[in-house]
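Enquirer: no letters, just coordinates:
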């Protein structure tokens, strides 16, 4: 495929691996922020091509992993109301809530539908005027413009039976939360290319300066990731800590101004709970009070819920890179991909699921 | 003698209507929807009474014809000798019409292919409908024409069947069950216990076409694509393969639900061997790969309906591949059976990395980002 196969070129990949081996002299831990990057690292088998000095840590940029259990419980509570249709992206459906997942709620009769776009949810609302359609608006800065647009669109069409259950989170505050933890092992970041496509790269400059940590805005294909790792290692070895843009073919310094304007029209910055990490101030977006009738929490007068986590689950420490999945007492026993207790076991790129699939595998014993 | 029982409502499934053409357009011209005083299926059509008779007499029996049906008995009676293979499958696909076929064709091909994967030649099919009331006669007719087309092209007659109608909301337009019965080829010896280290894994055609074709028309997800379902019968090519290579064909399986990844995991765990899979040689068409990229799906887990995997001894792998390629130009050797990592499938990616290809814990769900 044009513009993809070029970034999956085997020769280029090997050249970059050799470059990394050439430049690295000591152990470094690099966190790839985004779940999409983790997915690509795992899918393409890149992790075990890297020299052993490089440890990649999967960051918190997996919306499935960081959505707090209380919000999943809210979504299930809404879905159980007979008048409500909950629309969601597919991979949120298997994430365990306190009692059950949305998929289990669906099996028990709740009207839960998988959509690929929030605009699809607006269409469902238009077609079902006697029902209330709630879109489970999960994700980072990447999904926010389309979710915001759905509210603008609903407003324009006069669709009033549509609302968002927002669980939007922001990358820079999460990176700061990880870096300000005294036990952090992260030496450098691969920032998420598509997040920066929307937001630009300026907000990462103060983080790189304050914590003396290299940040490389990186894409998702094998060549992108290896080039990003190479750029990060080169900075680390040279004692430099600045923001670099590997994904320059897509990311502009100022980001996408129209998308940012769309977000501003619909969302306000808010505090947000992160599953396994806790509350991070000003780390998310909530539907603005100006549009409160599109906010499912206000429309259905939802009371704050206290989600019930499995106390033995150490997902938070795993996501911060402080512990490995094998350190968890539930791993492979009470917690498996068929019966996940914590979110990193849910999606294939979650670090627990990745470890689970790779266990006892001699050919990949140096994985991660 | 074998006696295949059938329910009373299908006693009438035995009327003759000779058609000389098999393509769908010609079928529609030659077998137009008969004039009926109803245009939707109602509960009465499954009652076994007058409405059932009128539906079957005016429609079903005119389309599906063969000497065994003409007997008009409770079941079909026939002679078969030697080792037999018997298989059943139910089809609940939504939507029932999709690019490249419909639920009727799928139901015929599916059971034929299950028999073929046993190294057997399918001889007879049964056919049972569970129809949701409200299905239009036009839709039912189109499904029926699909069944006829598939059955005739494959040379496997439908000899017995059943029709039931359920209340609206208790089904999804139409569910179909088919069973197939066939004779195992005398030269065939297909079993997972015969898979050996060193065997080669062959595939006949590009993967993931059926699943992508279905997704492209599923409500809420419509996207433009030229991808057609690959639904087709596989028994003829399997017969050629067995006649040419005999017992050197160790194992056959069609990767329908769960795709190639699931079948190869079954192989690894049943035979306690390792499977090495080469992404570079895995055939996949560009539009299918593009759609999977866009939808966040791994084509290894996407369903196929006209694909099969043959695990053959290394001695005949080149010969078997050449034979496959004469019918299917994209046929390829995609991996081999190894001693290492028993129970696991390891994929060597296009860029030279390796990863475990595991069983899916449930349905493959599209990713957020």
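Expert: Here it is on my side, so go on. It should be emphasised that the depicted structure is a prediction, and the values quoted were computed from it without experimental measurement.
Enquirer: now the strands for the stretch 201-350 of chain B?
Expert: Remark: strands assigned in the stretch 201-350 of chain B by DSSP state E, counting those that start in this stretch are B:249-253, B:274-278, B:309-312, B:332-338, B:345-348.
Enquirer: looking at the ones you listed, which is closest to residue B:41?
Expert: Across these, residue B:41 has its closest neighbour in strand B:249-253 (35.8 Å, C-beta to C-beta). For glycine as for every other residue, the C-beta is placed from the backbone atoms N, C-alpha and C.
Enquirer: next, the buried residues of that closest one.
Expert: B:249, B:250, B:251, B:252, B:253 (16 or more other C-beta atoms under 10 Å in any protein chain shown).
Enquirer: and for stretch B:238-249?
Expert: Those would be B:238, B:239, B:241, B:242, B:245, B:248, B:249, for stretch B:238-249 by 16+ other C-beta under 10 Å.
Enquirer: and stretch B:135-148, by the same measure?
Expert: B:135, B:137, B:139, B:140, B:141, B:142, B:143, B:144, B:145, B:146, B:147, B:148.
Enquirer: same thing with stretch A:128-147?
Expert: Neighbour-count burial for stretch A:128-147, counted by 16+ other C-beta under 10 Å, picks out A:131-147.
Enquirer: just those residues that are near chain B?
Expert: Contacts with chain B within these, counted by C-beta under 8 Å from any C-beta of the partner chain: A:138, A:139, A:140, A:142, A:143.
Enquirer: and the first one, that's in a helix?
Expert: No: according to DSSP: H, G, I helix; E, B strand; the rest coil, residue A:138 belongs to no helix; its state is strand.
Enquirer: doesn't residue B:333 make contact with residue B:317?
Expert: Yes: between residue B:317 and residue B:333 there is a contact at 6.2 Å, judged by C-beta atoms under 8 Å.
Enquirer: need the residues touching each of those two.
Expert: B:200, B:202 (C-beta atoms under 8 Å, 6 or more residues apart in numbering or on different chains).
Enquirer: by proximity to chain B, which residue of the stretch 101-250 of chain A wins?
Expert: The nearest approach of the stretch 101-250 of chain A to chain B comes at residue A:222, 4.9 Å away (C-beta to the nearest C-beta).
Enquirer: one more: chain A?
Expert: Residue nearest to chain B within chain A (C-beta to the nearest C-beta): residue A:45, separated by 2.3 Å.
Enquirer: let me see the contact set for that residue.
Expert: By C-beta under 8 Å, 6+ apart, the contact list for residue A:45 reads B:347, B:348, B:349, B:351, B:352, B:353, B:354, B:355.
Enquirer: quick check: the closest residue to it other than its chain neighbours vs residue A:62, distance?
Expert: Once flanking residues are discounted, residue A:45 sits nearest to residue B:353: 2.3 Å by C-beta to C-beta, 6 or more residues apart in numbering or on different chains. Between residue B:353 and residue A:62 the computed distance is 21 Å (C-beta to C-beta, to the nearest Å).
Enquirer: between these two, which is the more surrounded one?
Expert: For residue B:353 versus residue A:62, neighbours defined as other C-beta atoms under 10 Å in any protein chain shown are more numerous around residue A:62 (29 against 24).
Enquirer: helix or strand for residue A:72, which one?
Expert: Using DSSP states H and E, the element containing residue A:72 is helix A:69-79.
Enquirer: that helix close to chain B?
Expert: No: against chain B, helix A:69-79 shows no contacts by C-beta under 8 Å from any C-beta, the least distance being 13.8 Å.
Enquirer: how far does that helix sit from its chain's centre?
Expert: 19 Å (C-alpha atoms, centre = their mean, to the nearest Å).
Enquirer: for residue B:182, list each beta-bridge partner.
Expert: Beta-bridge partners recorded for residue B:182 (DSSP bridges): residue B:85, residue B:122.
Enquirer: ok, now how distant is it from chain A?
Expert: 35 Å (C-beta to the nearest C-beta, to the nearest Å).
Enquirer: contacts only, for that residue.
Expert: Residue B:182 neighbours (C-beta under 8 Å, 6+ apart): B:84, B:85, B:86, B:115, B:116, B:118, B:120, B:121, B:122, B:123, B:124, B:235.
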